[in-house]
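Colleague: After the sequence you'll find the predicted model.
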Amino acid sequence: MRRAEFIADDINIDDSDVFHFTAERVLYKLGFDYQHNQIWKYAHVCLSISICFTVKGYGGAVYTRWGKTGCPFKTQLVYKGIAGGTHYSHKAGPANILCLPDNPEYGNHTPGFQSQGAIYGTEYETKQHSISFKHLHNHDVPCAVCRSTTKTSVIMVPAKMSCFPGWHVEYTGYLMGGHYNYAASEYLCVDGDAEKDRSGHENKNGQLLYLVEGVCGSLPCPPYKNYWELRCTVCSK
């Protein structure tokens, strides 16, 4: 790749010793026409001097880190909060789970409960498991929304503890979801080192998260194992 000389005024060194530049300055000094060159789709430019120069402002992949209040290295915390969803006993309603911020804002208000749309907090239901999640039973689930500063794509890969070639691990965890006899919910990748929300341990129910186990039959075994908890990994690129 083409070697480039950068003047001191262009350089801003952060704690990770990665040099950041504005996109226009990097491409100009590399001799690229940035309006027409494919390099715009890349998050970084590595020079022949073996130093990786990250294009400032690139990245942008956003994901929720379930079970944690902070974000991994080289990501920005957008906000932190608590997981919220449909009450486990409801027969219908939204199936997705949201990361509700710690500092909600409200508009107009109608007094009383209209018995229509509703959202509840979310608890771990893990007392029957011997793995590290057992101590989280009946505690509320925290969450953090994270933005990568260097990656543009993100996926959650179930049943894996690693990423496929070319992808970077953001975090690993355990696959969790609702009980098969309760209201529908989505599958979440909850961090393997999950935390408790500060609100404590009161068994207030709401949306409930259970560890997901594979069941042989239509699910091929091997490679899957009957009644083993499934892992998961959030990967970026």
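Modeller: That came through fine. Numbers count the residues shown, from 1 in each chain.

Colleague: per-residue pLDDT, the closest residue to residue 154 other than its chain neighbours?
Modeller: In space, and not counting its chain neighbours, residue 154 is closest to residue 61: 4.1 Å by C-beta to C-beta, 6 or more residues apart in numbering. Any C-beta I mention is one placed from the backbone N, CA and C, and that applies to glycine too. pLDDT recorded at residue 61 is 91.

Colleague: and residue 132, what are its phi and psi?
Modeller: Taking degrees, to the nearest 10, you get phi -60, psi -10 for the backbone angles of residue 132.

Colleague: what separates it from residue 174, distance-wise?
Modeller: 9 Å (C-beta to C-beta, to the nearest Å).

Colleague: what residues are shared contacts of those two?
Modeller: Both residue 132 and residue 174 are contacted by residue 192, under the criterion C-beta atoms under 8 Å, 6 or more residues apart in numbering.

Colleague: Looking at the two, which is more packed in?
Modeller: residue 174 (24 against 12; other C-beta atoms under 10 Å).

Colleague: For that one, what are phi and psi?
Modeller: According to degrees, to the nearest 10, residue 174 has phi -120, psi 140.

Colleague: residues in contact with it?
Modeller: 131, 133, 189, 190, 192, 211, 212, 229, 230, 231, 232.

Colleague: rewinding a little: I'd like to know how many residues surround the residue nearest to residue 154.
Modeller: Around residue 61 there are 21 other residues, counting by other C-beta under 10 Å.

Colleague: could you measure it against residue 235, distance?
Modeller: Applying C-beta to C-beta to residue 61 and residue 235 gives a distance of 10 Å.

Colleague: got any residues that touch both of the two?
Modeller: Both residue 61 and residue 235 are in contact with residue 154, where contact means C-beta under 8 Å, 6+ apart.

Colleague: burial measure for residue 112, as a count.
Modeller: Neighbour count of residue 112, defined by other C-beta under 10 Å: 6.

Colleague: Give the helix, strand or coil label for it.
Modeller: Three-state call for residue 112 (DSSP: H, G, I helix; E, B strand; the rest coil): coil.

Colleague: for it, what are its contacts?
Modeller: Under the criterion of C-beta under 8 Å, 6+ apart, residue 112 has no neighbours.

Colleague: now residue 176
Modeller: Contacts of residue 176 (C-beta under 8 Å, 6+ apart): 66, 124, 187, 188, 189, 190, 209, 210, 211, 212.

Colleague: Tell me if I'm right that the second one and residue 135 touch.
Modeller: No - Residue 124 is not in contact with residue 135 according to C-beta atoms under 8 Å; the separation is 9.3 Å.

Colleague: higher neighbour count, the two?
Modeller: Neighbours were counted for residue 124 and for residue 135 using other C-beta under 10 Å; residue 124 has more, 27 against 12.

Colleague: Could you list which residues are in contact with that one?
Modeller: Contacts of residue 124 by C-beta under 8 Å, 6+ apart are 133, 136, 137, 138, 139, 141, 176, 194, 209.

Colleague: Generate a PyMOL selection restricted to the buried entries among these.
Modeller: Buried members of the contacts of residue 124, defined by 16 or more other C-beta atoms under 10 Å, are picked up in PyMOL with:
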select buried, resi 133+136+138+139+141+176+194+209
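
Colleague: for the contacts of residue 124, which one is nearest residue 218?
Modeller: residue 176 (21.1 Å; C-beta to C-beta).

Colleague: doesn't residue 135 fall inside a strand?
Modeller: No - assessed with three-state DSSP, residue 135 is helix; it does not lie in a strand.
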